[in-house]
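1. My questions are about this predicted structure, shown below with the sequence.
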Amino acid sequence: MPPPTAAPVQHEVPPGPRAQPRARPHADVAAFGLPFWCTYLANSLMMVAISLLYRYGDFVSFLGGTEVDLGWLVAAGMVGSLLMRLAQGVGIDTYGPRRIWLWSSALFIVSCGGHVWITEVHGVPIYLLRILFQTSAAGFFGASITYISGRAPISRMAEVIGTLGTSGFVGMMLGTSLGDQLLNYARLDRNHVDHMFEAATLLAIAAYAFSWLATRGHPLPVKRRRMPVIWLLKRYHPGAVLWAGVAMGFGLGLPGVFLTRYAAELEIPKLAVFFWVYAPTAFLTRMAIRRMPARYGIRPMIVLGLSSLALGMLLFLVVHREWQFVFPAVFIGVAHAFSFPAVVAGGSGVFPIRYRGLGTTLMLAMFDLGNLVGMPAVGEMLHGFGRAGLHRYPAMFISVAGLLALVAALYAWLERKALRRV
């Protein structure tokens, strides 16, 4: 259900014979067919690789870097990702999701493999590889989500995206467990670091194979005159959901970047407990609420997601032992389950099907923007709180929770105000 500031969905296809495409009934039936499950496997394998690299903070520390270095590395990668998002969206709509998907898979393989030659945290090569890593991951998921959402009617888009999203939770559990096996704080050396990137490379190669199978035989899009991107963004502007996407990207991205360093500060050697609770919680919640968008709309889902995310940040304060990661994991998992399909469907669903690639990548770009702004801010916060004599991580989690709660309240107010204008 699109936000009230967007163009009504029923007008997204021009009137006439093409306003009732013959593919719509077929899309409803085929939404969960063989291509969907090949996509599911491809996304799962890719998320195993990405979740394995949640240990990237250990790699940076091994090279002599700090949380500030880690934050700016992630931000540099997000700059590349953001610069490519709209280009990828136009590329998907012009050349089809298959080409963008497979090219992104190949570049992701290169980015993972290239890290085995990195020896300096402040050199240009590590920044270039991080940019390639995050840009290719953005292209992979942007193309796969666009491909799958294009096979489903708008009424079921959030359900299909949400179901596909459970592949990420499966990959997250497996990847973080594999990371705990390959890396250990007590005996971290170059071989362990290299094994992490080699494993990620092999997983990405397997993901490429399933991506090829998922899109085999997929036709190229019909060539037509393309409207200017700026005009399209003005015409189909999603509204306040954009800012909700920025906040969600920031909050959901934070554990994957800084949790390794927080655990090290607490002298907790393993992270799998957090992700093995986070992922099943998000998976089960996602399946339980998969029809909620069609019944209640995306607005309550986003408000609930942001509120749960803020509470999850506060619950990091109670963590002193490994098993206590359960508390923040539950609430952040619920937040992920509510927010991601609601934000993506709420923003991309206002675009016509022929511009769905642009709409999808726009919303994913908002998640990237949250990481671009948030991760360096967190790194600098930790540095500043430490210099001020405060407990660094507790002060940071309190600050982030307050910011997320403020965004939730602001989003609810803006949406209520927009409804009154309708």
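-> Okay, I see it. Small disclaimer: the values here were computed from a predicted structure and weren't measured.
2. what's the longest helix in the chain?
-> Ranked by residue count under DSSP state H, the longest helix found in the chain is helix 356-387.
3. Who are the packing partners of it?
-> Packed against helix 356-387 by the contact rule (3 or more Cβ pairs under 8 Å, 6 or more residues apart in numbering; DSSP states H and E) you find helix 67-95, helix 124-149, helix 229-235, helix 241-265, helix 326-348, helix 392-421. Bear in mind the C-beta positions are built from the backbone N, C-alpha and C, glycine included.
4. could you dump those helices to a markdown table with distance to Leu309, mean neighbour count and mean pLDDT?
-> Converted to a markdown table, those look like this (distance: least, Cβ to Cβ, whole Å; neighbours: other Cβ atoms under 10 Å; pLDDT from 0 to 100):
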| stretch | distance to Leu309 | mean neighbour count | mean pLDDT |
| --- | --- | --- | --- |
| helix 67-95 | 18 | 22 | 77 |
| helix 124-149 | 20 | 23 | 86 |
| helix 229-235 | 27 | 13 | 63 |
| helix 241-265 | 4 | 23 | 86 |
| helix 326-348 | 4 | 26 | 85 |
| helix 392-421 | 5 | 17 | 84 |
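5. Make CSV from those helices and add distance to Thr285 to it.
-> Output for these, formatted as CSV (distance: least, Cβ to Cβ, whole Å):
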stretch, distance to Thr285
helix 67-95, 27
helix 124-149, 19
helix 229-235, 32
helix 241-265, 14
helix 326-348, 4
helix 392-421, 18
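6. Out of those, flag the one nearest Ala206.
-> Comparing the helices and strands packed on helix 356-387 against Ala206 with Cβ to Cβ, the closest turns out to be helix 124-149 (13.0 Å).
7. Sort out which residues of the helix or strand just after that closest one are buried, please.
-> Along the chain past helix 124-149, the next helix or strand (assigned with DSSP states H and E) turns out to be helix 157-182. Of the residues in helix 157-182, 157-180, 182 count as buried by neighbour count, 16 or more other Cβ atoms under 10 Å.
8. Repeat that for stretch 291-310.
-> So, applying 16+ other Cβ under 10 Å, buried residues of stretch 291-310: 292-293, 297-299, 301-310.
9. and it, what's its mean pLDDT?
-> For stretch 291-310, the mean per-residue pLDDT is 83.
10. now swap in stretch 175-183 and tell me
-> 81.
11. on that earlier part again, right, and the helices and strands packed on helix 356-387 - which one's nearest Phe367?
-> helix 241-265 (3.2 Å).
12. what angle separates the closest one from helix 326-348?
-> 150 degrees (axes from the mean of the first three to the mean of the last three Cα atoms, to 10 degrees).
13. following helix 241-265, which helix or strand comes up?
-> Proceeding N to C from helix 241-265, the next assigned helix or strand is helix 272-288, under DSSP H and E.
14. ok, and what's touching that next one?
-> For helix 272-288, the external contacting residues (Cβ atoms under 8 Å, 6 or more residues apart in numbering) are 51, 54, 162-163, 165-166, 169-170, 172-173, 175-177, 179-180, 255, 259, 322-323, 325-326, 328-330, 332-334, 336-338, 341.
15. ok, 7 Å please
-> Residues from elsewhere that reach helix 272-288, judged by Cβ atoms under 7 Å, 6 or more residues apart in numbering: 51, 162, 165-166, 169, 172-173, 176-177, 180, 259, 322-323, 325-326, 329-330, 332-334, 336-337.
16. Out of the helices and strands packed on helix 356-387, which gets nearest to Ala207?
-> Closest to Ala207 of the helices and strands packed on helix 356-387, according to Cβ to Cβ: helix 124-149, at 7.7 Å.
17. Could I get the CA-only coordinates of stretch 130-142 as PDB?
-> The C-alpha trace of stretch 130-142 is given here as PDB (Å, rounded to 0.1, in the frame of the first residue of the first chain):
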ATOM      1  CA  ARG A 130      35.400  -2.300  -0.300                       C
ATOM      2  CA  ILE A 131      33.700  -0.100  -2.900                       C
ATOM      3  CA  LEU A 132      33.500  -2.900  -5.400                       C
ATOM      4  CA  PHE A 133      32.300  -5.300  -2.700                       C
ATOM      5  CA  GLN A 134      29.400  -3.100  -1.600                       C
ATOM      6  CA  THR A 135      28.500  -2.000  -5.100                       C
ATOM      7  CA  SER A 136      28.400  -5.500  -6.500                       C
ATOM      8  CA  ALA A 137      26.300  -6.700  -3.500                       C
ATOM      9  CA  ALA A 138      23.900  -3.800  -4.100                       C
ATOM     10  CA  GLY A 139      23.600  -4.800  -7.800                       C
ATOM     11  CA  PHE A 140      23.100  -8.500  -6.900                       C
ATOM     12  CA  PHE A 141      20.200  -7.900  -4.400                       C
ATOM     13  CA  GLY A 142      18.700  -5.000  -6.400                       C
END
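18. starting at the chain centroid, how far to it?
-> When distances are taken as Cα atoms, centre = their mean, to the nearest Å, stretch 130-142 is centred 11 Å away from the chain's centroid.
19. Then stretch 83-96?
-> Between the centre of stretch 83-96 and the centre of its chain there are 17 Å (Cα atoms, centre = their mean).
20. what's the answer for stretch 105-121, then?
-> Remark: stretch 105-121 is offset 20 Å from the chain centroid, using Cα atoms, centre = their mean.
21. Same question for stretch 367-381.
-> Average the C-alpha atoms of stretch 367-381, do the same for its chain, and the two points are 14 Å apart (Cα atoms, centre = their mean).
22. Could you pull up the contacting residues of Leu73?
-> Leu73 makes contact with 60, 126-127, 130, according to Cβ under 7 Å, 6+ apart.
23. quick one: it from Thr66, how far?
-> 11 Å (Cβ to Cβ, to the nearest Å).
24. Trp101: what secondary structure?
-> helix (DSSP: H, G, I helix; E, B strand; the rest coil).
25. Please list all residues in contact with it.
-> Here Trp101 is in contact with 140, 143-144, 147, 211, 215 (criterion: Cβ under 7 Å, 6+ apart).
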